[in-house]
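> Pasting a predicted model and its sequence here:
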Amino acid sequence: MPAMSSSSAIRLPAVFQRLAWSNLAAQSAEQISLAAAPLVAVFALGADARGTGLLQTAQTLPFLLLSIPLGVWADRRSRRMLMTLAESVRVFAMLCVLLLVMTHALSLPLLAALGFIAATGTVAYNVAAPSLVPSIVPREAYASANGRLELARSVAYSAGPAVGGLLVGWIGAGWAYGCAAALSALAVALLAGLREPPRAAAPARHFMLELRDGTSFVLRDELLRPMLATAVFFNLGFFILQAVYVPYAVHRLGLSASAVGVTLGAYGVGMVCGALAAPAIARRLAFGRVLIIGPSCGLLASLVMVATLVAPSFWLATASFFLLGAGPILWVVGSTTLRQAITPERMMGRVSALISTATYGARPVGALLGAALSARWNVDACLVAAAAAFFVQALIIVMSPAARLVSVPDRTAMAC
């Protein structure tokens with residue numbers, strides 16, 4: 001029987017519904033603010049490409065620096081409290097930007113610093129939320145719960161940037177941040193009413209010992225290790241492509257700014273379609289086959305993009321980004337479900353944080369590789385290198401024991 005066939009028949013508890021709605025509000029707030037930031041930097045502050053690049057660095061740096069410490073915190077203390085504090089931090093940062101805009105006191109360094117603070121809240125929420133799911137949802141409903149969370153993220157990725165851009169263009173930059181602050185405040189209110197089941201108090205241990213245990217658990221596990229490697233190579237390939245796509249689309253594919261936006265928007269549309277299809281696919285396929293779909297779609301998407309080198313086409317580029325959204329969202333749902341099923345509950349935060357750190361850490365590396373390859377050779381080399389990375393990630397998962405799983409294993413009772 002396929003792994004997750006029963007999950008869709010189980011009604012998710014009310015406590016999870018609060019988590020799901022808070023997740024939608026939090027993800028939407030993040031995407032609106034991320035879309036507004038470069039627009040504010042360029043149109044209100046006169047920033048150049050270097051300035052927006054530094055702004056982007058500030059808004060992603062917390063994922064590299066803070067995922068692991070916050071993951072250890074999530075294993076030691078209340079995850080609901082960590083998420084509530086995280087969103088409160090984001091509300092504070094967004095309101096500060098709104099105030100600075102209204103008083104004409106905003107500068108690029110202040111925008112970057114507040115973006116860093118807001119992203120810190122995002123990191124804490126993203127680490128704690130998957131760790132909280134196993135304590136409030138029955139094991140057989142993990143996949144359904146993760147699908148709901150990923151659907152919310154997909155909707156936010158699709159609509160958030162558009163909403164942020166429209167708000168900046170129509171009513172001003174400040175109110176885009178005001179909207180983001182309101183959504184984060186709604187997430188705080190929803191989390192305040194969420195009851196987290198009590199956990200047995202863990203013995204106090206040194207931070208580095210807990211970090212070592214989490215790292216050792218991931219690297220020694222025959223299922224988690226390929227999950228980690230697949231995610232790293234996927235993000236390397238994706239961000240090599242992202243680093244060069246816009247100039248490639250304009251100068252080689254001959255696309256206008258609006259057409260480029262449509263091709264990029266296909267990524268979010270693909271995510272929504274994949275998240276909606278996930279329950280039906282999970283009912284019909286063995287769990288290991290579900291895990292293969294995402295990396296395979298990533299490889300196919302990269303080959304479609306390479307095809308534009310010989311047949312420049314708006315439709316091929318759009319199809320490539322659609323596949324990059326639709327397939328990998330199934331991977332996120334499946335890999336998160338697997339991680340929750342086989343990781344001891346007391347280590348959930350650390351394991352989630354380690355995988356998040358490796359995944360997000362591959363993104364700036366991929367972007368730098370894209371910049372270096374385009375400078376040394378050309379954009380063609382970048383597209384081929386991205387395809388090579390996607391080939392590696394597909395090969396890793398196909399050759400791994402995870403691909404042969406019929407159902408979700410249950411090893412949470414095992415000692416690490």
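Here it is on my side, so go on.
> Count residues in the vicinity of Ile136, would you?
Using other C-beta atoms under 10 Å, the number of residues around Ile136 comes to 20. Every C-beta, even on glycine, is put in place using the N, C-alpha and C of the backbone.
> just how off-centre is stretch 107-118 within its chain?
Distance, stretch centre to chain centre, for stretch 107-118: 21 Å (C-alpha atoms, centre = their mean, to the nearest Å).
> May I see the buried residues of that stretch?
Buried positions in stretch 107-118, judged by neighbour count with 16 or more other C-beta atoms under 10 Å: Leu108, Leu111, Ala112, Leu114, Gly115, Phe116, Ile117, Ala118.
> Check what contacts it and list those residues.
Residues outside stretch 107-118 that contact it (C-beta atoms under 8 Å, 6 or more residues apart in numbering) are 30, 33, 37, 40-41, 45, 47, 51, 54-55, 58-59, 61-62, 89-90, 92-94, 96-97, 100.
> Isn't Ala266 up against Trp315?
No: the criterion here is C-beta atoms under 8 Å, and Ala266 misses it with Trp315 at 10.0 Å.
> Same drill for the two, tell me which one is more crowded.
For Ala266 and Trp315, the more surrounded residue by other C-beta under 10 Å is Ala266, and the numbers stand at 21 against 11.
> which stretches of the stretch 301-416 of the chain aren't confidently modelled?
Within the stretch 301-416 of the chain, the ranges that satisfy pLDDT under 70 run 345-346, 348-350, 352-353, 361, 364, 410-416.
> can you pull out the helices in it?
Taking DSSP state H, counting those that start in this stretch, the helices of the stretch 301-416 of the chain run over residues 314-342, 348-376, 379-399.
> Select, out of those, the one closest to Gln242.
Closest of these to Gln242 is helix 348-376, at 6.8 Å (criterion: C-beta to C-beta).
> lowest-confidence helix or strand of the protein?
For the chain, scoring each helix and strand by mean pLDDT, DSSP states H and E identifies helix 207-220 as the least confident one, at a mean of 67.
> That one: what's the following helix or strand?
Stepping forward along the backbone from helix 207-220, the first helix or strand reached (DSSP states H and E) is helix 224-251.
> Can you point out the buried residues in that next one?
Under the neighbour-count criterion of 16+ other C-beta under 10 Å, helix 224-251 has 224-245, 248-249 buried.
> now the angle from that helix to helix 314-342?
Compare the direction of helix 224-251 with that of helix 314-342 by axes from the mean of the first three to the mean of the last three C-alpha atoms, to 10 degrees and you get 160 degrees.
> What's the mean pLDDT across helix 224-251?
Over the span of helix 224-251, the pLDDT mean works out to 82.
> Next: stretch 140-151.
Summarised as a single mean, pLDDT over stretch 140-151 is 74.
> for stretch 286-295, same thing?
Stretch 286-295 shows an average pLDDT of 89 in the prediction.
> hang on, the earlier thing: return the most buried member of the helices of the stretch 301-416 of the chain.
Burial among these, expressed as mean neighbours by mean count of other C-beta atoms under 10 Å, is greatest for helix 314-342, which shows a mean of 23.
> Show me what it is packed up against.
In this structure, helix 314-342 packs against helix 108-136, helix 142-170, helix 224-251, helix 257-284, helix 287-307, helix 348-376, with contacts taken as 3 or more C-beta pairs under 8 Å, 6 or more residues apart in numbering; DSSP states H and E.
> relative orientation of it and helix 287-307 in degrees?
What separates the directions of helix 314-342 and helix 287-307 is an angle of 150 degrees, with the same axes, to 10 degrees.
> Show me how far helix 314-342 is from its chain's centre.
Relative to the centre of its chain, helix 314-342 is centred 11 Å away, using C-alpha atoms, centre = their mean.
> now the angle from it to helix 348-376?
Counting by the same axes, to 10 degrees, helix 314-342 lies at 150 degrees to helix 348-376.
> now helix 314-342 against helix 108-136, angle please.
What separates the directions of helix 314-342 and helix 108-136 is an angle of 50 degrees, with the same axes, to 10 degrees.
> Now do helix 314-342 and helix 257-284, the angle between them.
Using the same axes, to 10 degrees: helix 314-342 against helix 257-284 is 40 degrees.
> Filter the contacts of stretch 107-118 down to the ones in helices?
Among the contacts of stretch 107-118, DSSP state H puts 30, 33, 37, 51, 54-55, 58-59, 61-62, 89-90, 92-94, 96-97, 100 in helices.
> From these, list just the buried residues.
With burial judged by 16+ other C-beta under 10 Å, the buried subset of the ones in helices among the contacts of stretch 107-118 is 30, 33, 37, 51, 55, 58-59, 61-62, 89-90, 93-94, 96-97, 100.
> just those now: which is nearest Leu330?
Distance from Leu330 was checked for each of these by C-beta to C-beta. The minimum falls on Glu30, at 22.2 Å.
> And for the residue nearest to that closest one when sequence neighbours are not counted, the neighbour number?
Counting by C-beta to C-beta, 6 or more residues apart in numbering, Thr122 is the residue found nearest to Glu30 once chain neighbours are left out, at 5.3 Å. A count of nearby residues for Thr122, using other C-beta under 10 Å, gives 25.
> From Ser88, how far out is Thr122?
Using C-beta to C-beta, to the nearest Å, one gets 13 Å for the distance from Thr122 to Ser88.
> Check Leu39 too.
When distances are taken as C-beta to C-beta, Leu39 and Ser88 turn out to be 25 Å apart.
> thought Ala358 was touching Phe233?
No: under the criterion of C-beta under 8 Å, Ala358 makes no contact with Phe233, lying 10.6 Å away.
> what's Glu222 sitting at in phi/psi?
Torsion angles at Glu222 (phi, psi; degrees, to the nearest 10) stand at phi -70, psi -20.
> Surely it touches Pro401?
Yes: between Glu222 and Pro401 there is a contact under C-beta under 8 Å: 5.2 Å.
> The two: which has the busier surroundings?
Between Glu222 and Pro401, counted using other C-beta under 10 Å, the more crowded position is Pro401 (12 against 9).
> Quick check: the nearest residue to Cys96 once chain neighbours are set aside vs Val97, distance?
Among residues not flanking Cys96 along the chain, Leu114 sits closest, at 5.4 Å (C-beta to C-beta, 6+ apart). Plainly put, Leu114 is 5 Å away from Val97 if you go by C-beta to C-beta.
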